[in-house]
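> Only the shape, not the letters, is given here:
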């Protein structure tokens, strides 16, 4: 009996390793040639695993299996990114064609079909959240409701597959809404922010709502400043302008506040591509040899970000006479812990143009939420620079952990929509070290 169990365990392990090797080799011709053999062994493994109550597929095993299914659906004459096709990084909802959905519906491994659809739909929702927050929120709620019913066994696997397939089709259909409404993609996003399905709002009529959406886009776009998301006075001005437009067209007074908040939230998502390019500001770095009494009064250290990440994390301050100091003009009162460093890369454009010199302050006091910070990464790198330090906008989610709390997700967000955020999940202490806050863009050196 023991020998039988040992043989079963070895077989399960061997098939797992085979599946992993196959997933890494797809779509190589030799890998595709043995695809049916791999499928046979996976089917045998599935049967054996069913008889073992302690055996369940890990997330990694599910990802491997999903990538193999996707590889069969994608026909390409060149090497393709199976991870992207599987929706693990940059999902493409176009793969959810009627033909592909029909294949998913007919899959014998129903639980795997659910996981496949979940990943693809969740990836598409995340992509849409960068264009249309209301639409993405609505689809996310629909996906969550369907999965909760499935997880609580309120519906069978076949039923949840049908619901997810229906959700995929709904997503496809929304891509043509702009053309039907006569609105641009940005205008559709603001149109959705107006709660157009609410009965009190519907009485305004579709033409009026479309007019409001167009005027909102034009007004918000023309009144954005580079740092509007962190300047409360500019946000207050935009809030007044939005409410003025809503009142002008008779938008229900009791719904104006919520609509205004949603419009500003939508504006923040789209503003990366809207904000005017920062004019090239040049300044001359004036390196000085300050007297002790001038340090952090008229001048601060000039340091590379790598050095800053290490030197200020304690925090400790530069007092070495060999350090270069620069005299700057700034609206901020200088203090120990401040320094100037050059930020390289386009991920924070337009607010921080590539090559800009910025004034930083350490340590970061108060909440870090929404601040532009210099971060030192322990277990990952910035894909743009390949370095373990980066300048990004900081956002985090927290969960309760007994009498305290911990970070469940830390997101380091670029401003430039062409770049992906850096996400750290289940962050442990020290995995993401916030070193300093970027408090002013000084310009680029002449």
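Great, that's in hand. As the structure is a computational prediction, the values presented were derived from the model and not from experiment.
> need the next SSE after the lowest-mean-pLDDT helix or strand in the chain, C-terminal direction.
Across the helices and strands of the chain, mean confidence by mean pLDDT, DSSP states H and E is lowest for helix 82-85: a mean of 40. Per DSSP states H and E, helix 82-85 leads on to helix 98-105 as the next helix or strand towards the C-terminus.
> Only the buried residues of stretch 166-182, if you could.
Residues of stretch 166-182 classed as buried by neighbour count (16 or more other C-beta atoms under 10 Å): 167, 168, 171, 172, 178, 181. C-beta coordinates here come from the backbone N, C-alpha and C atoms, glycine included.
> what's the span of that stretch, first residue to last?
25 Å (C-alpha to C-alpha, to the nearest Å).
> try stretch 151-165
By C-alpha to C-alpha, the extent of stretch 151-165 from end to end equals 17 Å.
> Output the below-cut-off pLDDT ranges for the stretch 101-250 of the chain.
Scanning the stretch 101-250 of the chain for pLDDT under 70 picks out the ranges 224-234.
> ok, which stretches of it are helices?
For the stretch 101-250 of the chain, applying DSSP state H, counting those that start in this stretch gives helices covering 110-128, 133-151, 157-174, 177-181, 185-193, 199-202, 206-222, 232-248.
> now the angle between helix 232-248 and the fifth one, please.
Calculated by axes from the mean of the first three to the mean of the last three C-alpha atoms, to 10 degrees, helix 185-193 forms an angle of 70 degrees with helix 232-248.
> For helix 185-193, buried residues please.
Going by neighbour count (16+ other C-beta under 10 Å), the buried part of helix 185-193 is 186, 187, 188, 189, 190, 191, 192, 193.
> For the residues you listed, give me JSON lines that also has distance to residue 424.
Converted to JSON lines, the buried residues of helix 185-193 look like this (distance: C-beta to C-beta, whole Å):
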{"residue": "186", "distance to residue 424": "31"}
{"residue": "187", "distance to residue 424": "35"}
{"residue": "188", "distance to residue 424": "33"}
{"residue": "189", "distance to residue 424": "28"}
{"residue": "190", "distance to residue 424": "32"}
{"residue": "191", "distance to residue 424": "35"}
{"residue": "192", "distance to residue 424": "31"}
{"residue": "193", "distance to residue 424": "30"}
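> Of these, which is the nearest to residue 140?
Distances from the buried residues of helix 185-193 to residue 140 were compared by C-beta to C-beta; the smallest belongs to residue 192, at 13.8 Å.
> Just confirm that closest one contacts residue 128, I think it does.
No: at 10.9 Å, residue 192 does not count as touching residue 128 under the criterion of C-beta atoms under 8 Å.
> Between these two, which contacts overlap?
Contact criterion C-beta atoms under 8 Å, 6 or more residues apart in numbering; residues shared by residue 192 and residue 128: residue 135.
> contacts for stretch 161-180?
Here stretch 161-180 makes contact (C-beta under 8 Å, 6+ apart) with 93, 96, 101, 104-105, 110, 113-114, 117-118, 120-121, 124, 128, 135, 139, 142-143, 146, 155, 183-185, 187-188.
> Out of these, which end up buried?
The buried subset of these - by 16+ other C-beta under 10 Å - is 93, 96, 101, 104, 113-114, 117-118, 120-121, 124, 128, 135, 139, 142-143, 146, 155, 183, 187-188.
> sorry, back to before: got TSV for the helices of the stretch 101-250 of the chain, with distance to residue 336 too?
Formatted as TSV, those follow (distance: least, C-beta to C-beta, whole Å):
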stretch	distance to residue 336
helix 110-128	41
helix 133-151	41
helix 157-174	53
helix 177-181	53
helix 185-193	45
helix 199-202	54
helix 206-222	40
helix 232-248	27
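> Those: which one's closest to residue 392?
Residue 392 lies closest to helix 110-128 among the helices of the stretch 101-250 of the chain, at 17.4 Å (C-beta to C-beta).
> domain ranges for this structure?
Domain ranges of the chain: 2-174, 180-274, 282-445, per automatic domain parsing.
> Look up how far residue 392 lies from residue 348.
Plainly put, residue 348 is 7 Å away from residue 392 if you go by C-beta to C-beta, to the nearest Å.
> Could you tell me which residues touch both of the two?
With C-beta under 8 Å, 6+ apart, residue 348 and residue 392 have common neighbours 372, 414.
> Which one's more surrounded, those two?
Legend: neighbour count by other C-beta atoms under 10 Å for residue 348 and residue 392, higher for residue 348 (26 against 23).
> What helices and strands are in contact with whichever strand or helix holds residue 440?
Using DSSP H and E, residue 440 maps to strand 432-445. In this structure, strand 432-445 makes packing contacts with strand 282-283, helix 305-311, strand 338-343, strand 356-361, strand 372-377, strand 389-401, strand 404-413, judged by 3 or more C-beta pairs under 8 Å, 6 or more residues apart in numbering; DSSP states H and E.
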